[in-house]
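Engineer: Can you look at this prediction? I've put the sequence above it.
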Amino acid sequence: MGSSRSMALMASGLLMAMASAQAATPADVLVVASQIDDLSTLDPAEIFEYSGAEFTANVYERLVVYRPGAWDKPVGGLARSWRTDETGRLWHFTLREDARFPSGRAVEGEDVAYSLGRALALAKAPVGLLRQIGLKADTIRATGLREFEFETDRAYAPGIVLGVLASSVASVLDRQRLQAQERDGDWGHAWLRRAEAGSGPYRLLSWRPNERLTLERRDGVDPTQVAMRRVVLRHMPEPASQRLLIEQGDVDIARNMGSDLIKGALANPALRFQPTKKASLWFMALNTRHSILSQPEIRRALRSAIDYDGIASGLLNGRAVVHQSILPAGLFGALDDLPFRFAPDLGLGAGAAGLRLAIDVRAQAPALDVAQAIQANLAKAGIAVELRPADAKQVLTRFRERRYEAFLGRWASDTLDPQTDAEAFTRNPDNQDGASLRTLAWRTAWQSPELEAMVDAAAVERDDARRAEILGELQRRHREIGPFIMMFQETEPYVLRRDVVGFEPGPTPDTIVYAHVRKSRR
């Protein structure tokens, strides 16, 4: 009997080992469990969502890029070098000689000019980034086979221009391939919404919306440099399913697991946790049309009535860290000090006696959980809070139309230069309801000529050290008088199989690249 039992145990162990081996993904295939239901187009001139930006980062090249660990310092991508003239407005780029499209044709200055001009002509959502630096079609031109230049409307800080050129909308396309697909003057847009025309390390193999996106290493790309032959992004909205499949070995990277699931999964020695700080912030906006919230001293006091540490370590454990500045940590000039601590007993003064505050919030975790915690925090300071949960569209509509008292939400950076963020939280030149520029500051009905002057100064300051000083002072002053309570910076909770190495995602979706990923088990 003992011998039979031993044989059965050995057979069981063998079957388990075989099942495990079968479940493991191939050595040159990376399977990522994610949420890609936001992906609605593959055209870089139209892409303005997370999954689309990640797609462009792996299929296209841009003039400049950012490297892991140095997210505030853009370096050459397609561009071998660049320079500006004495005015600071004319930018000239020289392209790498080895850059080629899959057809074998060299990437030329004409391709860059075509790509930027095409984005301007189509005028889809992300074109605002190009317009931010004053680009116009008639100031963009190729000046040689591998030479290209453009002129901005004024002399911006170099980081602003380079940050825009590193974003998805500035992806460089094969103009000849697009021109062959044009229909009725659409710049090939109808075709490119479900295709690609890039020179990056991967090509589009297939896309099944709300199911999976599959990329394949391009022919001719050195497999010793780009190890993964195929990258599969599987749409998997259920975190529990992500945990199950990564433990089984059917998935190599899981991206949306909560803290409890992560804790359970990490009991498996085959897995490891790699939290990555993202350039996205949790904040509470205060509508200054509210008589009491219009007072800066009340807004300052509210900042000390929130238990930042308790919420971050409890409700958001593994998904966010405390951050109290309008610029995300990791961006140029961002402050990461934490001047506000939970001190509800300080009191808000007679002016806030009997303050009642309604907070609009998305009716989903973790946003609603955070709002409930803030409600409990403010109650200790004598503030009665009414939560107004609704779906994302309703909440955002009320916020955008200034029909709220307080709003709890998130903001994600469009580029890795801080100017866009600084302007969003500060600039409001026209506070009328019919204003054309409706920034975050406009949505709070708040104006500060003092801080707008700082933002303008930072935009044109070409000395990095001086620009960092201006941005630092802007953030400190914003904390004193601004209408935003900055609370947390998001952390994306990646869980990886231990054999996956070289995965170094950045703070924005268009810095998530797979070209350097490899597997160590084989």
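Structural biologist: Cool, got the structure.
Engineer: Got the domain ranges for the protein?
Structural biologist: If you go by automatic domain parsing, the domain ranges for the chain are 61-199, 277-492.
Engineer: Where do the strands of the stretch 51-200 of the chain begin and end?
Structural biologist: Under the criterion DSSP state E, counting those that start in this stretch, strands of the stretch 51-200 of the chain are mapped to 64-67, 70-76, 79-84, 90-95, 140-144, 147-151.
Engineer: residue contacts, residue 492?
Structural biologist: By Cβ atoms under 8 Å, 6 or more residues apart in numbering, residue 492 lies in contact with 255, 275-276, 278, 505. (C-beta placed from N, C-alpha, C; glycine too.)
Engineer: Out of those residues, grab the one that's most surrounded.
Structural biologist: For the contacts of residue 492, the largest neighbour count, defined by other Cβ atoms under 10 Å, is 24 neighbours, found at residue 278.
Engineer: got a list of contacts for stretch 494-504?
Structural biologist: Applying Cβ under 8 Å, 6+ apart, the set of residues contacting stretch 494-504 from outside is 30, 68-69, 227, 242-243, 246, 249, 252-255, 257, 262, 265-266, 269-276, 505, 514, 516-521.
Engineer: In helices, which of the residues you listed appear?
Structural biologist: Judged by DSSP state H, those include 242-243, 246, 262, 265 as members of helices.
Engineer: Among the residues you listed, name the buried ones.
Structural biologist: Neighbour counting over the ones in helices among the contacts of stretch 494-504 (16 or more other Cβ atoms under 10 Å) leaves 242-243, 246, 262, 265 as the buried ones.
Engineer: So which of those is the closest to residue 379?
Structural biologist: Each of those was scored against residue 379 by Cβ to Cβ, and residue 262 proved nearest at 30.8 Å.
Engineer: do you know how far that closest one is from residue 275?
Structural biologist: Shown here: residue 262 relative to residue 275, a distance of 9 Å by Cβ to Cβ, to the nearest Å.
Engineer: Please enumerate the shared neighbours of these two.
Structural biologist: The contact lists of residue 262 and residue 275 share 318, 493, where a contact means Cβ under 8 Å, 6+ apart.
Engineer: following the longest strand belonging to the chain, which helix or strand comes up?
Structural biologist: With DSSP state E applied, the strand covering the greatest number of residues in the chain is identified as strand 271-286. With elements assigned by DSSP states H and E, the helix or strand that comes after strand 271-286 is helix 296-303.
Engineer: Can you point out the buried residues in that next one?
Structural biologist: Going by neighbour count (16+ other Cβ under 10 Å), the buried part of helix 296-303 is 298-303.
Engineer: model confidence over it, on average?
Structural biologist: Helix 296-303 comes out with an average pLDDT of 92.
Engineer: State the next helix or strand along the chain beyond it.
Structural biologist: Towards the C-terminus, the helix or strand next in line after helix 296-303, according to DSSP H and E, is helix 308-313.
Engineer: hmm, who's touching that next one?
Structural biologist: Under the criterion Cβ under 8 Å, 6+ apart, external residues in contact with helix 308-313 comprise 320-322, 324, 338, 340-342, 370, 373-374, 487-488.
Engineer: now, which of those lie within helices?
Structural biologist: When DSSP H defines the helices, the subset of those inside them is 370, 373-374.
Engineer: Format the buried ones among the ones in helices among the contacts of stretch 494-504 as CSV; extra columns: pLDDT.
Structural biologist: CSV is the format used below for these (pLDDT from 0 to 100):
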residue, pLDDT
242, 95
243, 96
246, 97
262, 89
265, 92
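Engineer: Work out the gap between stretch 502-510 and the centre of the chain.
Structural biologist: When C-alpha coordinates are averaged (Cα atoms, centre = their mean, to the nearest Å), stretch 502-510 and its chain have centres 9 Å apart.
Engineer: If you count neighbours, what's buried in it?
Structural biologist: Along stretch 502-510, the positions that meet the burial threshold by neighbour count (16+ other Cβ under 10 Å) are 503, 505-510.
Engineer: related to what we said a few turns ago, elements contacting the longest strand of the chain?
Structural biologist: Contacts defined by 3 or more Cβ pairs under 8 Å, 6 or more residues apart in numbering; DSSP states H and E place strand 271-286 against strand 406-412, strand 484-497.
Engineer: Of these, which stretch is the most buried?
Structural biologist: Mean neighbour counts were compared across the helices and strands packed on strand 271-286 using mean count of other Cβ atoms under 10 Å; the top stretch is strand 484-497, at a mean of 22.
Engineer: quick one: strands adjacent to it?
Structural biologist: Strand pairing for strand 484-497, determined by DSSP bridges: strand 253-254 (antiparallel), strand 271-286 (antiparallel), strand 320-322 (antiparallel).
Engineer: most tightly surrounded among those strands?
Structural biologist: Ranked by mean neighbour count under mean count of other Cβ under 10 Å, the strands paired with strand 484-497 are led by strand 253-254, which reaches a mean of 26.
Engineer: Residues contacting it, please?
Structural biologist: Residues from elsewhere that reach strand 253-254, judged by Cβ under 8 Å, 6+ apart: 30-33, 236, 239, 242-243, 245-246, 265, 494-497, 500, 503.
Engineer: could the ones in helices among the contacts of stretch 494-504 go into a markdown table alongside distance to residue 86?
Structural biologist: Below are the ones in helices among the contacts of stretch 494-504 laid out as a markdown table (distance: Cβ to Cβ, whole Å):
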| residue | distance to residue 86 |
| --- | --- |
| 242 | 54 |
| 243 | 58 |
| 246 | 55 |
| 262 | 54 |
| 265 | 57 |
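Engineer: for those, which one is nearest residue 216?
Structural biologist: Ranked by distance to residue 216 (Cβ to Cβ), the ones in helices among the contacts of stretch 494-504 are led by residue 246 at 22.4 Å.
Engineer: Apart from its chain neighbours, what residue comes closest to the closest one?
Structural biologist: Excluding the flanking residues, the one nearest residue 246 by Cβ to Cβ, 6 or more residues apart in numbering is residue 254, at 4.4 Å.
Engineer: still on that earlier bit, ok, so of the contacts of residue 492, who is nearest residue 397?
Structural biologist: residue 278 (25.1 Å).
Engineer: tally of neighbours for residue 169?
Structural biologist: The local packing count at residue 169 equals 29, with neighbours defined by other Cβ under 10 Å.
Engineer: what's the answer for residue 338, then?
Structural biologist: Under the neighbour criterion other Cβ under 10 Å, residue 338 is assigned a count of 13.
Engineer: Quick check: phi and psi at it.
Structural biologist: When read as degrees, to the nearest 10, the backbone of residue 338 gives phi -130, psi 90.
Engineer: and the gap between it and residue 209?
Structural biologist: From residue 338 to residue 209 the distance is 42 Å (Cβ to Cβ).
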